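Structure for this input, please:
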Amino acid sequence: MPKFYDFALRESSLKALERMDIHTPTPIQAQAIPILLEKRDIIAQAQTGSGKTLAFALPIMEHCDPARREVQALILTPTRELARQVGSVLTDLSKGSGLRVTVLYGGVSYGPQETAMRKGSHVVVGTPGRVLDHLRRRNLRLEELRLLILDEADEMLDRGFAPDVERIISATPKDRLTALFSATTPEWVHKIASKHQINPEIISSKDEETELDIEQVVMDVFRQDKFQVLIKLLRQPLDGTTLVFGRTKHGVRNLGRKLNDQGFQVSVLEGNLGQNQRDRALGRFREGKSDVLVATNVAARGLDVLHIARVINFDVPDTAELMTHRIGRTGRMGRSGQAITLVTATDLSKWHEIERKLGVKLPRIPAPGAENGASDRQDEPQHKQGQNGTQNGKPKKFGARPRYGRGRRRGRRLARA
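Here you go, the predicted structure:
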C-alpha cells in the first residue's frame, strides 16, 4: 500500500493530513488519487466510510492555482448536509495552501455566499439548485473550471437532479477533468456519464478492513400494526441511537409527532425544513439530545453520525440503491449496526425486486408481539418465508440472523453508501 508522500502532494496537504491524523491511503484513495493527478476522467465506486472525499479532495488541492482568482474546481452534491461535510474536509485540507473554499446551498440567504464569491473562491462545493442560482445571478463563473466532481453520482444523474446538473455542465469547459464518485454506480450511470467524460478509468474498491458489519432482517407486518411495531422496537434496549426512514415529507412529520406523543425524544429531518430547522434537528441528534431521528431520504447520503446503532425502514425504499445508502448510515468506522425493514403485503413486489437487485435474500423474523396473535390475522395475506428466512420451519430468531461484515460470504454483503 502506498503512502501519501508517494503521490508528490503539496507540503500544505501533507501537513493537513498530519493534523487530521490520517497517515495511510484507503484502497479507493490509493487507486483514485494517481489517476486524477494524471488528469484522467474517472468513475469510482466505493463503500461508505472508505475515504471517497479525500480521494478527490487531494487532487483538487494539486490542480488548483491559488494565484488565479477564478473558480477552478466544482463539487456537486445532492444534499445540503453532504455539501457542508465535503466543504469542511476541503477547508481543513486547504489551510496553508492559499486556496479558498466556498459552500453554496439553499435554505439560507444569498448575501454571505455572494460576499465569499466576490472575494475570490478557487473551490466551490454546492447543491445543484443553489449553484444554478448563483450562475444566473452571475456570482459564479465556470469558464476556467479545471475539475468537476459529482459526489453521489447516481443521485446527481438521476431524473430529479439531472436537468440542473446538465445546465451546470453546459457552463463548464469541455476540456475539464470530470470525476464521478458513489457507493452505487448502476449501468445507466455509466451510459449517461459517457456524454460528459472521455475514456474514464473505472475503479471499484472494497476495503475488507472497514467492511460494514450490519445485521439485516425483514419484519413482516400488517399495515395497521406498523406504528405499534415501531414503538416496540424503539423501546428495546439499544447502545446508541436510531434512524427511522419514511417515504414522504408529510409522513415523516406525522410520524415524528406521534412518536413525540409517545414520550420519545425525536428529531425530524425532511426537505421542506429551513436550514436553521435542519441544523437544529441534526444538532440535537448529534449531541444525543434526541434518541431517534425520523427522516426522508435526505438523510440517506452524507449523514455521518457514528452513534447510529440501528436503521429502521418504516417505509420500504423505492430502489435497491436507496436501500444501500440508507443502511450505510449505521455500522460506520468499524462499529456494528442493525438494519430492520418493515414489509407489508402491499410492499411485497417492490421488496422482492430490491432483493433481486441486491442479490441477497434477507431473513424474516417475527415482529415484536407477533407471536401473540399476528399469525391469526386474516385481513392481509401472510408473507412466504424464503429458505434463508426459516429455521426448522419457523422464522429465524433475531440472534440467528446473518451478519454482513468481515469474513462473511461476499455475495451477501451489501455495498456501503
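
going forward, measure contacts between C-alpha atoms and count neighbours the same way
Noted.

Show me the shaky parts of this structure.
Applying pLDDT under 70 to the chain picks out residues 49, 206-212, 333-334, 370-417.

Tell me which stretches of the chain form helices.
For the chain, the helices defined by DSSP state H occupy 11-19, 27-37, 52-63, 80-94, 111-118, 128-136, 153-156, 162-170, 187-193, 226-234, 249-261, 275-286, 320-327, 348-358.

out of those, which comes closest to residue 269?
Within the helices of the chain, the stretch nearest residue 269 is helix 275-286; the backing value is 6.2 Å (C-alpha to C-alpha).

For residue 216, which of the helices of the chain is the nearest?
Of all the helices of the chain, helix 320-327 sits nearest to residue 216, with 8.8 Å by C-alpha to C-alpha.

now the angle between helix 348-358 and the closest one, please.
Using axes from the mean of the first three to the mean of the last three C-alpha atoms, to 10 degrees, the direction of helix 320-327 lies 80 degrees away from that of helix 348-358.

Just the C-alpha atoms of helix 320-327, please, in CSV.
What follows is helix 320-327 as a C-alpha-only set of coordinates in CSV (Å, rounded to 0.1, in the frame of the first residue of the first chain):
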residue,chain,number,x,y,z
ALA,A,320,-32.0,-1.1,-4.2
GLU,A,321,-29.6,1.8,-4.4
LEU,A,322,-31.6,3.7,-1.8
MET,A,323,-31.6,0.6,0.4
THR,A,324,-27.8,0.5,0.2
HIS,A,325,-27.4,4.2,1.1
ARG,A,326,-30.0,4.0,3.9
ILE,A,327,-28.4,1.1,5.8
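
Check which helices and strands that helix is in contact with.
On a contact count with 3 or more C-alpha pairs under 8 Å, 6 or more residues apart in numbering; DSSP states H and E, helix 320-327 meets helix 348-358.

Now the helix it packs on: buried residues?
350, 351, 354, 358 (16 or more other C-alpha atoms under 10 Å).

hmm, back to that, how about the helices of the chain in CSV, adding distance to residue 309?
Below are the helices of the chain laid out as CSV (distance: least, C-alpha to C-alpha, whole Å):
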stretch, distance to residue 309
helix 11-19, 29
helix 27-37, 25
helix 52-63, 23
helix 80-94, 20
helix 111-118, 36
helix 128-136, 31
helix 153-156, 25
helix 162-170, 33
helix 187-193, 31
helix 226-234, 12
helix 249-261, 19
helix 275-286, 13
helix 320-327, 10
helix 348-358, 22
